[in-house]
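> Starting from these lines, generate the structure:
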Amino acid sequence: MNRYLKKSVSLLLAVSVASFGMTGCDTGLEQNEEVVKTSVKADNVNLEALLNSKVVNAEAVEKRETVYVEMDEDGKVTDTTVSDVLSVSGKENISDYSNLSEIVNVDGTEQFAKNNQGELIWENKGKNIKYQGKTTMETPVKVHVKYFLNGEELSAKELAGKSGKVKIVYSYENNAKNEKGKFIPFLFLTGLVLDDNFTNVEVENGKVIGQDGKQIVIGYSVPGFQDYLTDSLDGMESYLDKIELPETVTITADTKAFSSSMAISIATSELGDFNLSDTFDFSDMKGQMNELQNGGTQLETGADTLYNGAGSLQDGTKTLAGGTAQLKDGSEKLYDGTSELLSKYKLFHTGILSGSKDLKDGADELYNGSATLASGAKKAASGAGELASGLKEAKAAFEDTKTTQGLVSGSKALKDGITEVKNGVGEFVQTFSKTPDTIQAQIDGIISQISQATGGAIGKEDALNQTVQGIEAEVKKGTPLDAVLESMGLDTNVYYSLLQAYYSVQTLKSVKGTFEQQITGNAEKIQALTNGLTQLENGGNALSTGINQLYDGVKQLSSGADALSDKKEGLPALEEGADTLKKGLKTLYDGTKSMNSELNVNSPKIKSGIQALNSGAAKVQNGSKELADGADVLDNGVYTLVDGVKELKNGIVQLNDEGISKLTEAFGEKVPEVVDVVDSALNRGKEYHSFSGIHDGMTGSVKFIFKTAEITAE
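Alright, predicted model coming up:
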């Protein structure tokens, strides 16, 4: 029972600090080491940025305050500076309140007026106002530090340069109360970097992470919370005194020539952003116990909302990936089509040459027959009949039947097919040429979105590049990311939007450059292909016209042959007609011979044009595949984000299964009282808006950063 009680009360705190990226367990601190690595440099660790990344950011407020408390090596306060950020909304001047002295605008030229009551009126020039000032007031929360060597307490100066078993104890004091004198809980995070002079480093209520020969120690504490629970929960003392909510952070290690870098502690009262009592309905206690044991529906619903939001982002990248996939599929179909056209060229070549050869052979036979006809009148009747029959067969070759297509329709189909190929290639070339403009339109759209998100401050690609590269350059120099963003008037959300836009633009520009290279490098081939298709179209038209003319001639010959074979009217003119027929068939023979020769010459040109088209289609296919692959990389990145959110959702489900059920088992019917006490304390933390003063009606947030001076051996 007592074991479950400890885990249950700790659960209420764990729920409240879940958004800090850590969960309190029996003795340690859960933390993603990859996050830490991104904040670590070869010779320096930005502890302030690292710890700030663990502290939940308040929702949009009108005044955001950070109190910097400078302390010497032994924890004595030497200076207190307060930094305030006023969020601008509307065009009116901004009313503020502050008891600070030496107030300075650190990021603008706005002036202010201050009366004896501490009221300030700031000019409004359309951007957030960042100012700082000094104070001698004591902070409601404090940090104390003690040093021990081999069990003996020493001052920082006495410890510097010595070797042995060292112990550093950070203790915390929380005197924060609201206007009604009610306790306000604070969470403390303390960070310290130890170099290679320290070994066997351990921390109570924290975690040690090794990085580049250094050891980063991070600890946490919620001072005063255990006493508050003991005093507030009547009759629960016998259980609550078994709970060990951390009050101190203790670091032990073996050291040689002791020295240490600056230690940083961050204190915040914003431990949670939800109301526990609203999460649970206690009207039917027994029923609700069963409901709680079956699952924390409200928590899981919240996780679902977050998961669905990430899914919406995923859908957006799917749209992009889908568009590039369609382009990729289209280019593949084009390539497959040209490949099929190339593969069927041999069948086309064989068929057309075979037909023209048959026509040539038939014309040759007709010519020889006409010569024979002209040589003797005795066989005139028989020859005329044979000629008429032969011409009917020749005429039939030009005409369609139920089973075959004649030369007239075939030549027209060939002409129309060539025209369709030419038009299709023309559309493809036009689409291919306009692809860089399409990609540029996407880049312009991203820049337009960034311009809207930044209120027009970043409205061009160069400005985006300079801003992102400038931020990265300052961070590489060791400047905290928050400080860089603050100096540039940006917040974290806008920065990540800029970062995403920056890399999206770089990727699209790379793809655009690839297309432009392909277009420039293949301009001559594309023009040659277009010219060749035009010549091919002209040849197809000429071929169709010639076959139609030939067909007309054959029809006339056939009519003449019929008349010639007519025994009543044809025979008297047989000899003259035979001579005319002979000449006409000679022309037919020469035409078919010439056509056969032209087909042999031009057919390979058709093949060459198809091969060039097929080669161009292959290059388009490769380019669209690269674009699709890039979109897939972005889509996969968003899938990773969704998977991460899904893991968070699963973690909340596990929290419900392994935590809330233990809560109901531990406290039974006192759960409403326990939840109400903890919930009230967390809400008072959210209502703590300012240390140096805030104007009536304004919303605010405040955190304290304590910096303990480094210890060096003389």
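
> Can you give me the neighbour number for Q111?
10 (other Cβ atoms under 10 Å). (Glycine included, C-beta is placed from N, CA and C.)

> Got the confidence number for the nearest residue to V61 once chain neighbours are set aside?
Counting by Cβ to Cβ, 6 or more residues apart in numbering, V61 lies nearest to T699, which is 4.4 Å off, once chain neighbours are set aside. If you check T699, the pLDDT there is 89.

> wait, what's in contact with T699?
T699 is in contact with 61-63, 689, counting by Cβ atoms under 8 Å, 6 or more residues apart in numbering.

> how about a cut-off of 7 Å?
Going by Cβ atoms under 7 Å, 6 or more residues apart in numbering, T699 touches 61-62, 689.

> Quick check: of these, which lies closest to A49?
Of all these, A49 sits closest to V61, with 20.8 Å by Cβ to Cβ.

> could you measure that closest one against E687, distance?
Counting by Cβ to Cβ, to the nearest Å, the gap from V61 to E687 is 12 Å.

> Same check on L50?
Counting by Cβ to Cβ, the separation of L50 from E687 is 28 Å.

> ok, the two, which is more surrounded?
L50 (22 against 13).

> and the more buried one, backbone torsions?
Backbone geometry at L50, expressed as degrees, to the nearest 10, gives phi -60, psi -50.

> pretty sure it contacts L189?
No. Applying Cβ atoms under 7 Å, one finds L50 not in contact with L189, separated by 9.2 Å.

> separation between the residue nearest to V61 and D96?
When T699 is compared with D96 (using Cβ to Cβ), they lie 13 Å apart.

> wouldn't D79 be in contact with E70 here?
Yes. Under the criterion of Cβ under 7 Å, D79 makes contact with E70 at 4.2 Å.

> ok, now which ones touch Y688?
176, 184, 269, 702.

> Over to S411?
By Cβ under 7 Å, 6+ apart, the neighbours of S411 are 543-544, 547.

> do S451 as well
By Cβ under 7 Å, 6+ apart, the residues touching S451 are 458-459.

> so what does whichever strand or helix holds P672 touch, helix or strand wise?
Assigned by DSSP states H and E, P672 belongs to helix 671-686. If you count contacts as 3 or more Cβ pairs under 7 Å, 6 or more residues apart in numbering; DSSP states H and E, helix 671-686 packs onto helix 225-232, helix 276-279, helix 661-667.

> least reliable of the ones you listed going by mean pLDDT?
When I compare these, helix 276-279 is least confident, with a mean of 47.

> low-scoring stretches of the stretch 1-150 of the chain, by residue?
Along the stretch 1-150 of the chain, segments meeting pLDDT under 70 span 1-45, 54-60.

> Quick one: neighbours of F198, just the number.
Neighbours around F198, by other Cβ under 10 Å: 22.

> That one contacts F258, doesn't it?
No. Taking contacts as Cβ under 7 Å, F198 lies outside contact range of F258: 8.5 Å.

> what secondary structure does E179 sit in?
Under DSSP: H, G, I helix; E, B strand; the rest coil, the three-state class of E179 is coil.

> Give me the distance between it and E687.
10 Å.

> V429 now?
67 Å.

> tell me which helix or strand of this protein sits lowest on mean pLDDT?
Lowest on mean pLDDT, DSSP states H and E among the helices and strands of the chain sits helix 33-38, with a mean of 39.

> The closest residue to T268 other than its chain neighbours pairs with what?
Using Cβ to Cβ, 6+ apart and skipping the chain neighbours, the partner closest in space to T268 is K703 (4.5 Å). Per DSSP bridges, the residues bridged to K703 are T66, T268.

> Equivalent analysis for the one 4 residues further on, please.
On the basis of DSSP bridges, K707 takes part in beta bridges with E70, I264.

> Can you check the pLDDT for it?
So, for K707, pLDDT stands at 95.

> oh, and call the first residue 343 from now on, that's how I've got it
With the count now opening at 343, the last piece we talked about shows up as K1049.

> can you tell me the helix or strand for V550?
If you go by DSSP H and E, V550 is part of strand 548-553.

> Mind checking what helix or strand follows that strand in sequence?
Downstream of strand 548-553, the next assigned helix or strand under DSSP H and E is strand 556-563.

> That next one versus strand 548-553: what angle between them?
Strand 556-563 runs at 160 degrees relative to strand 548-553, counting by axes from the mean of the first three to the mean of the last three Cα atoms, to 10 degrees.

> Can you list the neighbours in contact with strand 556-563?
Defining contact as Cβ under 7 Å, 6+ apart, one finds that strand 556-563 is touched by 366, 371, 373, 378, 387, 512, 514, 529-537, 540, 543, 545, 547-551, 588-591, 593.

> buried subset of those residues?
366, 371, 373, 378, 387, 512, 514, 529-536, 540, 543, 545, 547-550, 588-591, 593 (16 or more other Cβ atoms under 10 Å).

> Which residue ranges of the stretch 743-892 of the chain form strands?
Secondary structure of the stretch 743-892 of the chain by DSSP state E, counting those that start in this stretch: no strands are present.

> picking up where we left off before, distance check, the residue nearest to V403 against G450.
Taking Cβ to Cβ as the measure, T1041 falls 21 Å from G450.

> Give me the neighbour count for V1016.
V1016 has 23 neighbours, counted by other Cβ under 10 Å.

> Also S563?
Look at S563: counted by other Cβ under 10 Å, it has 26 neighbours.

> Next: D758.
Counted with other Cβ under 10 Å, D758 comes out at 12.

> How about D894?
12.

> So which elements touch the helix or strand containing it?
In the assignment (DSSP H and E), D894 maps to helix 865-907. Secondary-structure packing of helix 865-907 (3+ Cβ pairs under 7 Å, 6+ apart): helix 722-740, helix 749-795, helix 916-997.

> what about the nearest residue to N394 once chain neighbours are set aside, distance to G812?
In this structure, N394 finds its nearest non-sequential neighbour in D824, 6.1 Å apart by Cβ to Cβ, 6+ apart. Distance of D824 to G812, computed by Cβ to Cβ: 15 Å.

> do K433 as well
Look at K433 and G812: by Cβ to Cβ, they are 29 Å apart.

> who's more crowded, those two?
Counting neighbours by other Cβ under 10 Å for K433 and for G812 shows that G812 has the greater number, 12 against 8.

> what's the closest non-adjacent residue to that one?
The shortest distance from G812 to any non-neighbouring residue, by Cβ to Cβ, 6+ apart, is to M830 (7.7 Å).

> Tell me how far that neighbour lies from D678.
Distance of M830 to D678, given as Cβ to Cβ: 51 Å.

> One more: E735?
E735 is 41 Å from D678, by Cβ to Cβ.

> More neighbours: which of those two?
Ranked by neighbour count (other Cβ under 10 Å), E735 and D678 place D678 first, with 13 against 10.

> helix/strand/coil for that one?
Going by three-state DSSP: D678 is helix.
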